[in-house]
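Q: mind folding the following:
(one chain, ligands or ions: 1)
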Amino acid sequence: MHLYELTIHEARALLNAGEISAVELTQAVIDRILAVDNAVRAYITLTPEAALEQARAADTAFRQGQALPLLGIPLAIKDILCTAGIPTTCGSRILENFVPPYDATAVARLKAAGAVILGKTNTDEFAMGSSTENSAFFPTHNPWDLERVPGGSSGGSAAAVAAGECLGALGTDTGGSVRQPAAFCGIVGLKPTYGRVSRYGLIAFASSLDQVGVLTRDVTDAAMLMNVIAGHDPKDSTSLDAPVPDYTTALTGDIRGMRIGVPREYFIPGMQPEVEAAVRAALQRLADLGAEIVEVSLPHTDYALPVYYLIAPAEASANLARYDGVRYGLRMVGNSLEDTYQQTRGQGFGPEVKRRIMLGTYALSAGYYDAYYLKAQKVRTLIKGDFDRAFEQVDVVVAPTSPTTAFRIGEKTEDPIQMYLSDVFTLSLNLAGICGINVPCGFDAQGLPIGMQIMGPALGEMTVLRVAYAYEQATDWHTRRPPI
Ligand code: GLN
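A: Residues are numbered from 1 along each chain as shown. Presented below is the predicted three-dimensional model:
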């Protein structure tokens, strides 16, 4: 076993026992990055010197008796979360040289808990995408098959976790960007309830949908990271002022008597048969563990995709108006102010971001607002109502995370609708503001990971973690490592 393959809780135990040092662990992960990242390309920015410095400080703190939860644990951060003094690009030319003066709250909390930060991971530009191919810099490759995408938009974080290039990572999820790449890379990805983790310092894509999430090799690690990053933040007025439980206490392995809903709308024609078979087998496993499987209906599921692709671009068009070449980021000086705006935005934004800005501006414009944006908001309420009713009958809802396993690089880039469809099972949760986790549940005939999504109500993280952990302990999918 290599040190870079350790889970966070395994590394914690070895560090606590004094069997390894934070410097040894961090160096092993840096060596791993140097060995494989020219093939995987998970990182946009690497900060190895700073990481080793933090590791040395962690070893000193440990000798002085400090017992911080993540002391000496090397982690990666999606490049859409602000990091003081370290470039934060959002995968975009427009922020290529932007160095934030402050840390996102989630990053600050990891640091305060003793974590070592290795660098910033690749993302679709402004998190708009499902494959990491919309990064302005380069696509990330799936460690299970380098010809394939790692999913997105947190594809850099997911690939890094899967390939041993960090022990865990932060991502963000607006419509599936933590759960879908976790599924494609065979790891755990938790999207918390809207407001559970502060969005302060998360560069906004769609503010009513964005949420910080965690990507890890197992469920215990996800609970450990959530213990650190969850909680109220006075700097984010939408962050929830609810007590943060110790998420590791949900990991009992006992799900006897729990009620698990299977939504009939989530097993659709056209999905990869192996995905359906793996998720159905996983449901049987949950039944064997003593859960009761109940069919439920989420009748407005078909509207989730169009509703999301009105609301998310509408919010994006407003959020991205700030990149005008005046205060920060790229500035292309033109003959007039108007010309400067046009050149800066014309050259700074990639095609998908421009598409979203145009769609969103159209949906919000006078005469179309009522027909598109306002109607989408009403249907969003119906989608949330579907989940409210389902959670009156069941504790969690289980479905595939994505209708397919990882697709080939280039396969869907010419057809935005095909790309949008890869989030058909994940977007509804963001619209409803609820939580969900991906856990590995099998492999297809090509050896690509398959993911199962466990969805819970608002602030239901304890419940989804409990089910995820019980399933994980009864299976060994999470112990497989990619061939790279
Ligand atoms: N793939 C979806 C989109 O392109 C979701 C992205 C995300 O969750 N950030 O908008």
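Q: so what does the helix or strand that contains Ile293 touch, helix or strand wise?
A: Element membership for Ile293 (DSSP states H and E) is strand 292-296. With contacts taken as 3 or more CB pairs under 8 Å, 6 or more residues apart in numbering; DSSP states H and E, strand 292-296 sits against strand 259-263, helix 273-288, helix 375-393. No exception for glycine: its C-beta is placed from N, CA and C like everyone else's.
Q: which of these sits most buried?
A: Looking across the helices and strands packed on strand 292-296 with neighbours counted as mean count of other CB atoms under 10 Å, the highest average goes to strand 259-263: a mean of 19.
Q: backbone phi and psi for Cys441, please?
A: According to degrees, to the nearest 10, the main-chain angles of Cys441 amount to phi -140, psi 20.
Q: and it, how far from the ligand?
A: In this structure, Cys441 and the ligand are separated by 21 Å, where distance is defined by CB to the nearest ligand atom, to the nearest Å.
Q: so which of the helices and strands packed on strand 292-296 gets nearest Ser237?
A: Distance to Ser237, taken as CB to CB, is lowest for helix 375-393 among the helices and strands packed on strand 292-296, at 19.9 Å.
Q: tilt between the closest one and strand 292-296?
A: Going by axes from the mean of the first three to the mean of the last three CA atoms, to 10 degrees, helix 375-393 is angled at 150 degrees with respect to strand 292-296.
Q: which residues are in contact with helix 375-393?
A: The contact list for helix 375-393 (CB atoms under 8 Å, 6 or more residues apart in numbering) reads 259, 261, 263, 294, 296-301, 303-304, 306-307, 310-311, 314, 363, 397, 428, 431-434, 455-457, 460.
Q: would you mind checking these for buried ones?
A: Burial by neighbour count, judged by 16 or more other CB atoms under 10 Å, picks out 261, 263, 296, 298, 300-301, 303-304, 307, 310-311, 314, 363, 397, 428, 431-434, 455-457, 460 from those.
Q: who's in contact with whichever residue of the stretch 301-450 of the chain sits closest to the ligand?
A: With CB to the nearest ligand atom as the measure, Asp423 is the residue of the stretch 301-450 of the chain nearest to the ligand, at 4.5 Å. When contacts are counted by CB under 8 Å, 6+ apart, Asp423 touches 130, 175-176, 180, 305, 308, 402.
Q: with Phe138 instead?
A: Counting by CB under 8 Å, 6+ apart, the residues that Phe138 touches are 41, 122.
Q: tell me which element it falls in.
A: Secondary structure from DSSP H and E places Phe138 outside every helix and strand.
Q: dihedrals phi and psi, Thr479?
A: The phi/psi pair for Thr479 (degrees, to the nearest 10) reads phi -90, psi -10.
Q: just give me the neighbour total for it.
A: Thr479 sits with 11 neighbouring residues when counted by other CB atoms under 10 Å.
Q: what's the answer for Pro100, then?
A: Pro100: 19 surrounding residues under other CB under 10 Å.
Q: ok, now Gly168?
A: Around Gly168 there are 28 other residues, counting by other CB under 10 Å.
Q: contact partners for it?
A: By CB under 8 Å, 6+ apart, the contact set of Gly168 is 8, 73, 75-76, 161, 214-217, 221, 225.
Q: what bridges to it?
A: Gly168 has the following beta-bridge partners by DSSP bridges: Leu75, Thr216.
Q: which is the next helix or strand following the strand holding Ile293?
A: Downstream of strand 292-296, the first helix or strand assigned by DSSP H and E is helix 304-319.
Q: give me the pLDDT value at Gly436.
A: At Gly436 the predicted local distance difference test score is 98.
Q: so what's it up against?
A: Residues near Gly436 by CB under 8 Å, 6+ apart: 179, 190-191, 426, 429, 453-456, 464.
Q: make CSV from these and add distance to Asn438, pLDDT and secondary structure to it.
A: As requested, the contacts of Gly436 are arranged in CSV below (distance: CB to CB, whole Å; pLDDT from 0 to 100; DSSP: H, G, I helix; E, B strand; the rest coil):
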residue, distance to Asn438, pLDDT, secondary structure
Arg179, 4, 98, helix
Leu190, 8, 98, strand
Lys191, 9, 98, strand
Thr426, 9, 98, coil
Leu429, 11, 98, helix
Gln453, 6, 98, strand
Ile454, 8, 98, strand
Met455, 10, 98, strand
Gly456, 13, 98, strand
Val464, 10, 98, helix
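Q: export those residues to JSON lines and append columns for distance to the ligand.
A: Converted to JSON lines, those look like this (distance: CB to the nearest ligand atom, whole Å):
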{"residue": "Arg179", "distance to the ligand": "9"}
{"residue": "Leu190", "distance to the ligand": "14"}
{"residue": "Lys191", "distance to the ligand": "9"}
{"residue": "Thr426", "distance to the ligand": "7"}
{"residue": "Leu429", "distance to the ligand": "10"}
{"residue": "Gln453", "distance to the ligand": "14"}
{"residue": "Ile454", "distance to the ligand": "18"}
{"residue": "Met455", "distance to the ligand": "15"}
{"residue": "Gly456", "distance to the ligand": "18"}
{"residue": "Val464", "distance to the ligand": "18"}
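Q: please enumerate the strands of the stretch 151-300 of the chain.
A: With DSSP state E, counting those that start in this stretch as the criterion, the stretch 151-300 of the chain has strands at 168-172, 188-191, 212-216, 259-263, 292-296.
Q: which stretch among the ones you listed comes nearest Ala278?
A: When the strands of the stretch 151-300 of the chain are compared by CB to CB, strand 259-263 sits nearest Ala278, at 13.9 Å.
Q: strand partners of the closest one, parallel vs antiparallel please.
A: Determined by DSSP bridges, the sheet partners of strand 259-263 are strand 292-296 (parallel), strand 396-400 (parallel).
Q: turn those strands into CSV, columns for mean pLDDT and distance to the ligand.
A: Output for the strands paired with strand 259-263, formatted as CSV (pLDDT from 0 to 100; distance: least, CB to the nearest ligand atom, whole Å):
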stretch, mean pLDDT, distance to the ligand
strand 292-296, 98, 24
strand 396-400, 98, 16
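Q: comparing those, which comes out most buried?
A: Stretch with highest mean neighbour count among those: strand 396-400 (a mean of 26; mean count of other CB under 10 Å).
Q: which residues touch Gly176?
A: With contact taken as CB under 8 Å, 6+ apart, Gly176 is in contact with 130, 191, 401-402, 422-423, 425-427, 430.
Q: which ones among those map onto helices?
A: The helices in this structure, assigned by DSSP state H, contain 427, 430 from the contacts of Gly176.
Q: ok, so of the contacts of Gly176, who is nearest Val333?
A: Ser130 (35.1 Å).
Q: list the contacts of that closest one.
A: Under the criterion of CB under 8 Å, 6+ apart, the neighbours of Ser130 are 124, 151-153, 176-177, 180, 412, 419-420, 422-423.
Q: again, but for Ile255
A: Applying CB under 8 Å, 6+ apart, we find Ile255 in contact with 286, 289-291, 466-467, 470.
Q: enumerate the residues of the protein near the ligand.
A: By the rule CB under 6 Å from any ligand atom, the part of the chain lying against the ligand is 127-130, 153, 173-177, 205, 312, 423.
Q: so for the residues you listed, which is the shakiest by pLDDT?
A: Comparing pLDDT over those, the lowest reading goes to Asp423, 92.
Q: what's the closest non-adjacent residue to it?
A: With CB to CB, 6 or more residues apart in numbering as the criterion, Asp423 has its nearest non-adjacent residue at 4.0 Å, and that residue is Gly176.
Q: from Ala318, how far out is that neighbour?
A: Distance, Gly176 to Ala318, using CB to CB, to the nearest Å: 22 Å.
Q: ok, then the element right after the helix or strand containing Asp37?
A: Taking DSSP H and E as the criterion, Asp37 maps to helix 22-40. Moving toward the C-terminus from helix 22-40, the next helix or strand (DSSP H and E) is strand 43-46.
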